[in-house]
Every structure is written in C-alpha cells, then in structure tokens.
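>>> please work out how this folds:
(one chain, ligands or ions: 3)
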Amino acid sequence: MKIAILPGDGIGPEITAQAVKVLNVLGESFELESADVGGAGYAAHGHPLPQGTLALAKAADAVLFGAVGDYKYDSLERALRPEQAILGLRKELGLFANLRPAILYPELAGASTLKPEVVSGLDILIIRELTGDIYFGKPRGVRECPDGPFAGQREGFDTMRYAEGEIRRIAHVAFQAARKRDRRVTSVDKANVLETFQFWRDIVTDVHKEYQDVELEHMYVDNAAMQLVRAPKKFDVIVTGNMFGDILSDAAAMLTGSIGMLPSASLDANNKGLYEPSHGSAPDIAGKGVANPLATILSAAMMLRFSLGKAEQADRIENAVKKVLAQGLRTPDIYEEGTTKVGTEQMGDAVLKALG
Ligand SMILES: NC(=O)C1=CN([C@@H]2O[C@H](COP(=O)(O)OP(=O)(O)OC[C@H]3O[C@@H](n4cnc5c(N)ncnc54)[C@H](O)[C@@H]3O)[C@@H](O)[C@H]2O)C=CC1
Ligand SMILES: CC(C)CC(=O)C(=O)O
Ligand SMILES: [Mg+2]
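Ligands and ions are numbered 1, 2, ... in the order given. All right, here's what the predicted structure looks like:
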C-alpha cells in the first residue's frame with residue numbers, strides 16, 4: 001500500500017516526521033513517498049500543488065498531509081499561495097467529507113481552557129463539508145461596486161453556494177456516522193439569514209426521513225459557537241458547511257486542550273482519504289521543536305482505520321497516545337504544572353516506545 005507524505009510548510013515537516021516514524025515501526029509493508037506541497041512546492045517547482053505532487057496523491061492509497069502556509073507568501077497572487085495546495089487537493093481528490101473528532105483525553109482535562117466539568121468525557125464528531133460553500137463558489141474577486149452608498153468604489157466579493165447533491169451526500173455521511181455513535185445529529189446553518197443555508201436545512205431535513213432512528217436538530221451557527229463552549233457534551237455529531245465547520249472545529253479544538261490534539265480525515269465517496277491535523281503551519285513556533293505532533297500521529301491512525309483497513313494498528317497508535325499522556329508527557333501547548341515538558345521529537349519517540 002502506498003502512502004503519499006506531504007509535509008508542507010512551517011511545523012508541517014516536524015510533525016509529519018513523527019507520524020512517519022510511527023508508521024515505519026508498525027511492521028507493515030507500506031511504501032511511503034514524499035513530495036513538496038504548499039510554500040515548499042512553490043519554492044521548488046513554482047507552484048503550491050506541483051503536477052508531480054498531485055499525481056502522487058492521486059496514485060496513492062492514502063495521503064498524510066502536514067500543513068501549508070507561510071506569511072512570506074501572503075502577497076503572492078492567490079492561485080500561487082500555499083493554501084491553494086490543500087484546497088486544490090480536496091477538490092481534485094473529491095474529498096468532500098471532513099471528519100474532525102474532538103475527544104478530551106481525561107489526562108488533559110486541566111489543559112483545556114474550559115472548566116474540567118464542562119469538558120471531561122467530551123467525545124463529539126464535527127463533520128464539515130469540504131469542497132463547496134463560499135470557499136469554492138464563483139464568481140469571486142474585487143470589482144467596482146455597482147450600487148449603494150459605496151458605488152464606484154472597489155468591493156471584494158465571494159459566492160456562497162451549495163448544490164442539492166452536495167448537501168445530500170454530506171448529510172448521509174453525518175447520519176451514518178451518528179448510527180455508530182449516540183444517534184444524534186445537529187445540523188448547523190444560518191437559515192435565518194442565508195438562502196444557501198435555508199436550502200441546506202430543507203435538504204438535511206429531507207435526507208433525515210431515511211434515518212428516523214437518528215435524532216436531528218437544527219441550530220444557527222452563532223448559537224452553535226456559544227453552545228460549544230457552554231455545554232459541548234450535549235453534541236454528538238455536528239454537520240455543517242465548509243466555512244462554519246472550519247471555524248467551529250478550531251473552537252472545538254480548545255475543548256480538547258489544544259489544536260495540536262485535533263486530527264482529521266478528509267474522505268471521498270469511497271473512503272479514499274487525506275489525513276491531516278486540523279491546525280495550520282504555525283509559523284510562530286516553526287523550527288523550534290515544540291509543536292505538538294499528536295494531532296498528526298492521530299491523523300495517521302485515522303488513515304489506517306478509514307483508508308487502509310488496519311483498524312488494529314489504528315487502535316495501537318491511539319492506545320500509545322493515551323499511554324504517553326498518562327505518563328505525564330506534554331508538549332508546551334498542553335503543559336500543566338506537575339507534568340513533564342517535552343519537545344516534538346521526544347513526544348514522537350515516546351509514542352513509538354509506547355506502541356507495545
Ligand atoms: N490545512 C492547512 O494546511 C492549514 C493552513 N493554515 C495556514 O497556516 C498558517 C498559520 O495560520 P494560523 O491562523 O496561525 O493557524 P495555526 O493553526 O497554524 O496556528 C494557530 C495557533 O495554534 C498554534 N498551533 C497550531 N498547531 C500547533 C501544534 N501542533 N502544536 C502547538 N501549537 C500549535 C500556533 O502556534 C498558533 O499560535 C497560515 O498560512 C494559514 O493559512 C491554517 C489552517 C489550516
Ligand atoms: C487553508 C484553509 C482553508 C485550511 C483550514 O483552515 C482548514 O482546513 O481548517
Ligand atoms: Mg481551519
């Protein structure tokens with residue numbers, strides 16, 4: 001089985017290296033092949049998603065992705081900016097379903113910024129639609145404002161849109177995921193203001209007719225943001241659009257102690273997938289050896305489970321992560337007094353040792 005390794009920028013190479021170490025000692029005959037992506041792709045090949053990288057990702061059985069983005073590329077034209085690499089991969093590979101499980105490991109209850117009683121036992125699944133919405137809608141750009149008090153000035157604009165089929169397929173993913181959990185889905189939208197999301201609500205309600213054993217509630221996104229910090233354990237599965245899911249999953253990350261703990265799977269219709277931490281390239285800590293590699297290591301576990309049919313190996317990795325947390329090892333983002341502060345590599349090594 002072939003795994004494409006795309007480390008990317010900033011902390012991407014540091015954290016991906018730890019996950020690769022883990023994959024290499026599982027005793028499986030995986031073929032790992034790396035390629036440049038993001039700013040690294042632009043620097044080496046003049047494009048954030050070089051042809052060779054895209055071809056490798058398409059040919060592989062699964063992709064393990066680090067992160068892309070570097071402020072030094074922020075003034076490039078948009079098509080050449082590092083972030084286009086991950087957006088392009090999602091679109092080109094048809095990865096419409098982004099699963100972001102937010103689980104609080106008991107040892108990290110004190111690392112969360114929320115009170116332990118609010119977050120302990122947290123286990124929610126955010127399902128974010130990943131290839132539609134305002135992130136991909138056209139037209140977009142900067143033009144002359146046609147009317148109103150600012151007519152004649154420049155205006156920026158994007159297009160929010162969802163096709164019926166796009167909503168239906170992500171709703172099916174959510175209801176089916178809920179059947180393996182607590183059978184509750186919260187569909188998050190902004191139907192009170194946006195046509196796109198009234199349509200979203202109508203279609204999700206219609207798909208729900210096929211899943212009468214699953215409870216469905218609808219919630220506006222502003223309320224959902226509030227409920228996520230007020231009473232996060234009330235959620236089971238949250239399904240939402242691309243932009244709302246992007247924002248809400250970063251908020252949910254803090255319930256787990258750190259965004260460095262939040263893995264993700266981005267799946268196509270056949271469970272082929274790209275696996276990446278939910279965070280970005282963290283330029284503020286890149287190269288310092290302090291980034292938390294656990295979200296990436298846990299993403300590799302999701303890859304083994306969802307795309308490579310190796311659920312036992314996924315369990316092994318997840319148990320090893322639990323063990324190192326129980327041993328008191330913490331990267332700075334999850335550090336509390338009384339625990340042992342370690343760097344990125346030490347954390348990777350500890351997981352390796354704990355694999356059993
Ligand atoms: N999928 C991707 O490749 C993504 C890329 N980005 C890009 O990443 C760059 C930085 O974006 P930001 O908004 O700063 O978001 P970010 O997620 O990279 O960082 C936000 C904060 O979280 C911290 N952080 C992130 N990951 C961490 C880890 N593993 N361990 C410890 N601390 C961690 C960072 O140090 C920073 O303080 C930008 O260029 C952005 O476009 C952002 C999100 C996702
Ligand atoms: C470059 C962004 C679209 C990536 C992001 O923020 C995410 O996927 O969470
Ligand atoms: Mg994000």
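>>> use CA for all of it now, contacts and neighbours both
OK.
>>> gap between the residue in the stretch 1-150 of the chain positioned nearest to ligand 2 and Asp9?
Distances between the stretch 1-150 of the chain and ligand 2 by C-alpha to the nearest ligand atom are smallest at Glu83, namely 4.5 Å. When distance is defined by C-alpha to C-alpha, to the nearest Å, Glu83 is 10 Å away from Asp9.
>>> check Pro48 too.
To Asp9, Pro48 is 11 Å away according to C-alpha to C-alpha.
>>> now list whatever residues contact both of those two.
37-40 (C-alpha atoms under 8 Å, 6 or more residues apart in numbering).
>>> can you flag which of those residues belong to helices?
39-40 (DSSP state H).
>>> quick one: which of the shared contacts of Pro48 and Asp9 has the most company?
Val37 (33 neighbours; other C-alpha atoms under 10 Å).
>>> chain neighbours aside, what residue packs nearest to it?
Gly8 (5.0 Å; C-alpha to C-alpha, 6 or more residues apart in numbering).
>>> likewise Ile15?
Spatial nearest neighbour of Ile15, excluding adjacent residues (C-alpha to C-alpha, 6+ apart): Pro293 at 4.6 Å.
>>> now swap in Lys138 and tell me
Using C-alpha to C-alpha, 6+ apart, the closest residue to Lys138 is Thr159 (5.4 Å).
>>> assign a three-state SS to that neighbour, would you?
coil (DSSP: H, G, I helix; E, B strand; the rest coil).
>>> how about Ser187?
The local conformation at Ser187, judged by three-state DSSP, is strand.
>>> and the gap between it and Ile297?
To Ile297, Ser187 is 29 Å away according to C-alpha to C-alpha.
>>> before we move on, what about Ala4?
Counting by C-alpha to C-alpha - Ala4 and Ile297 are separated by 15 Å.
>>> who's more crowded, the two?
In this view Ala4 and Ile297 are compared by other C-alpha under 10 Å, and Ile297 has more residues nearby, 32 against 24.
>>> quick one, what contacts the more buried one?
Applying C-alpha under 8 Å, 6+ apart, we find Ile297 in contact with 16, 18-19, 22, 263, 317.
>>> just the pLDDT for it.
Looking at Ile297, its pLDDT stands at 98.
>>> give me the three-state assignment for it.
Counting by three-state DSSP, the backbone at Ile297 sits in helix.
>>> same check, this time on Val239
strand.
>>> who does it form a beta bridge with?
Beta bridges link Val239 to Ile127, Ser187 when assigned by DSSP bridges.
>>> how many neighbours does it have?
Residues lying near Val239 (other C-alpha under 10 Å) number 28.
>>> now do it against Ala177, distance only.
When distance is defined by C-alpha to C-alpha, Val239 is 10 Å away from Ala177.
>>> now swap in His47 and tell me
36 Å.
>>> what do you get for Glu14?
32 Å.
>>> could you do Ala300 as well?
When Ala300 is compared with Ala177 (using C-alpha to C-alpha), they lie 20 Å apart.
>>> over to Leu32?
Using C-alpha to C-alpha, we find Leu32 at a distance of 29 Å from Ala177.
>>> so which of these two has more stuff around it?
The neighbour comparison of Leu32 against Ala177 (other C-alpha under 10 Å) goes to Ala177, with 19 against 16.
>>> now do the strand or helix carrying that one: which elements does it pack against?
Element membership of Ala177 [criterion: DSSP states H and E] is helix 164-179. Counting contacts by 3 or more C-alpha pairs under 8 Å, 6 or more residues apart in numbering; DSSP states H and E, helix 164-179 packs against strand 123-129, strand 184-189, helix 195-208, strand 237-240.
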